[in-house]
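Q: structure for this input, please:
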Amino acid sequence: MRVGYAVSDPRVADLLNRVRQPFNVNSLAQAGAAAAIGDRDHVRASVELNQAGMEQLTAAFDRLGLGYIASVGNFVSVDLGRPAEPVNQALLRKGVIVRPIGNYGLPNHLRVSIGLPDENGRFIDALGEILGT
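A: Residues are numbered from 1 along each chain as shown. Purely as a prediction, here's the structure:
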């Protein structure tokens, strides 16, 4: 189940509503999201887990000498300093799924979602092997 939300100016919300598909979030997902957002302990734990994961990934990028776009979301875009697609394919062969973002004008970047510590570690290890570090 996946649910997202946006905080925006009403004019921006109007534009978003014009292009989103109807019924794009089912009632079960909406109920789950409402319950989760009302659980302050869960929200706090989720924020802390995301922050720790971000620190784990960005510290690894620093060690590997890779740049990245600072983020406060649940993903980070890492600059590989080389075309990202071959690295993405090598990661896929190792069972690691990330997203190349060349279609956003960043052909050397991968978008990496924050995961659990062991998932982040598996990505970091695989990336290091692929980059030869």
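Q: isn't Val43 up against Ala35?
A: No: if you go by C-beta atoms under 8 Å, Val43 and Ala35 don't touch, sitting 11.1 Å apart. Backbone N, C-alpha and C define where each C-beta goes, glycine included.
Q: got the buried residues for the top helix by length along the chain?
A: If you go by DSSP state H, the chain has its longest helix at helix 40-64. Buried residues in helix 40-64, defined by neighbour count with 16 or more other C-beta atoms under 10 Å: 50, 53-54, 56-58, 60-61.
Q: so which elements touch the worst-scoring helix or strand of the chain on mean pLDDT?
A: Between all helices and strands in the chain, the lowest mean by mean pLDDT, DSSP states H and E belongs to helix 27-38, at a mean of 89. When contacts are defined as 3 or more C-beta pairs under 8 Å, 6 or more residues apart in numbering; DSSP states H and E, helix 27-38 sits against helix 40-64.
Q: off-centre distance for the helix it packs on?
A: 11 Å (C-alpha atoms, centre = their mean, to the nearest Å).
Q: show residues contacting the helix or strand following that helix.
A: Once the chain leaves helix 40-64, the next helix or strand it forms, by DSSP states H and E, is strand 67-69. Under the contact criterion C-beta atoms under 8 Å, 6 or more residues apart in numbering, strand 67-69 has outside partners 57-58, 61, 76-79, 81, 109.
Q: which one of those is nearest Asn88?
A: For these, the residue nearest Asn88 by C-beta to C-beta is His109; the value is 10.3 Å.
Q: surely the closest one is within a strand?
A: Yes: counting by DSSP: H, G, I helix; E, B strand; the rest coil, His109 is located in a strand.
Q: isn't it right next to Arg99, touching?
A: No: counting by C-beta under 8 Å, His109 does not reach Arg99; the two are 9.5 Å apart.
Q: of those two, who's got more company?
A: Neighbour tally, His109 and Arg99, criterion other C-beta atoms under 10 Å: the higher count belongs to His109, 24 against 15.
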